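Undergrad: when you get a sec, could you give me coordinates for this:
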Amino acid sequence: FLGIYFFIFFLIAQEVPKKILVEHFTNTRCSVCAVRNPGFYTALNQKPNVLHVAYHPSSPYSNCLFSTQNKAENDERTRFYQIYGSTPRFIINGEERSSNAVQNTSVYATFENETTPISVNISLLPSGMDSIKVNVVVSAIASHNLTNLTLYVPLVEETVNYSAPNGEGTHHDVFRKSFTGINPIPFAAPTHNGTPYTYKATIAKNNLWNL
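TA: Modelled structure (predicted):
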């Protein structure tokens, strides 16, 4: 089923636990991905609190099924990290880790027990018969010196069963669509106990998605 994740970048550690997010760039025609992904998922499954998004860029395999379903936004996420052109690649809280490193849960150790002064609440709702709405509320729950932040809100499908050319049959947390568009949205950091930053958006459902 579809789920929603949020990314807040460049936060200074303080009051509330910071989520760990691994952004996984893979491809259904990539034989190396088929070799490296199982070990990655075995380690990831031992860390149930780690969020995961799987993107499918068009390079080096332009006819990957998931890539063709949203080429522009899958590709742009790789360009955000300047890693367009090869798979598999792994970004954890904005930092790249090798496909060897992600075979072990220890890869997440340096990101654990971090905190942030920014709290994010998010809800995903139906909107009419043919759309999905997201509400995001960003609050500062402690004093900070943050100024400009960016928000990126991708929609993912938890499990997609598809017999891919590389032999993978189950695909996890498949990126489908960004509520915030092709690029993150900049906004001014809310002040401590001040007015929260609120973001609302609606996107049309796609019949390719298992709601």
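Undergrad: how close does the residue nearest the centre of the chain get to residue 177?
TA: The centroid of the chain falls nearest to residue 53 when counting by Cα atoms, centre = their mean (4.0 Å). The spacing between residue 53 and residue 177, counted by Cβ to Cβ, to the nearest Å, is 12 Å. To be clear about C-beta, it is placed using only N, CA and C from the backbone, and glycine gets the same treatment.
Undergrad: picking that back up, if I've got this straight, the residue nearest to the centre of the chain is in a helix?
TA: No. Residue 53 is assigned strand when assessed by DSSP: H, G, I helix; E, B strand; the rest coil, not a helix.
Undergrad: who touches it in this structure?
TA: Applying Cβ atoms under 8 Å, 6 or more residues apart in numbering to residue 53 gives the contacts 5, 21, 22, 23, 24, 154, 156, 173, 175.
Undergrad: hmm, 7 Å instead?
TA: Residues near residue 53 by Cβ atoms under 7 Å, 6 or more residues apart in numbering: 5, 23, 24, 154, 156, 173, 175.
Undergrad: and residue 114, how many neighbours?
TA: With neighbours defined by other Cβ atoms under 10 Å, the count for residue 114 comes to 15.
Undergrad: hmm, residue 20 and it touching each other?
TA: No. Contact criterion Cβ atoms under 7 Å: residue 114 and residue 20 do not qualify, at 8.3 Å.
Undergrad: in the chain, where is pLDDT below threshold?
TA: For the chain, the stretches with pLDDT under 70 are 1-14.
Undergrad: and the helices in it?
TA: Counting by DSSP state H, the chain has helices at residues 31-44, 65-69, 71-80.
Undergrad: who wins for proximity to residue 124 among those?
TA: When the helices of the chain are compared by Cβ to Cβ, helix 71-80 sits nearest residue 124, at 17.9 Å.
Undergrad: hmm, who's touching the closest one?
TA: Helix 71-80 has contacts (Cβ under 7 Å, 6+ apart) with 25, 55, 56, 57, 58, 67, 84, 175, 177, 178, 182, 183.
Undergrad: before we move on, what about stretch 166-183?
TA: The contact list for stretch 166-183, computed with Cβ under 7 Å, 6+ apart, reads 2, 28-31, 33-34, 37, 41, 52-55, 66, 70, 72-74, 76, 134, 151-163, 201, 203, 209.
Undergrad: which of those residues count as buried?
TA: 2, 28-30, 33-34, 37, 41, 52-55, 66, 70, 73-74, 76, 134, 151-157, 160, 201, 203, 209 (16 or more other Cβ atoms under 10 Å).
Undergrad: run a quick neighbour tally on residue 175.
TA: Neighbours around residue 175, by other Cβ under 10 Å: 24.
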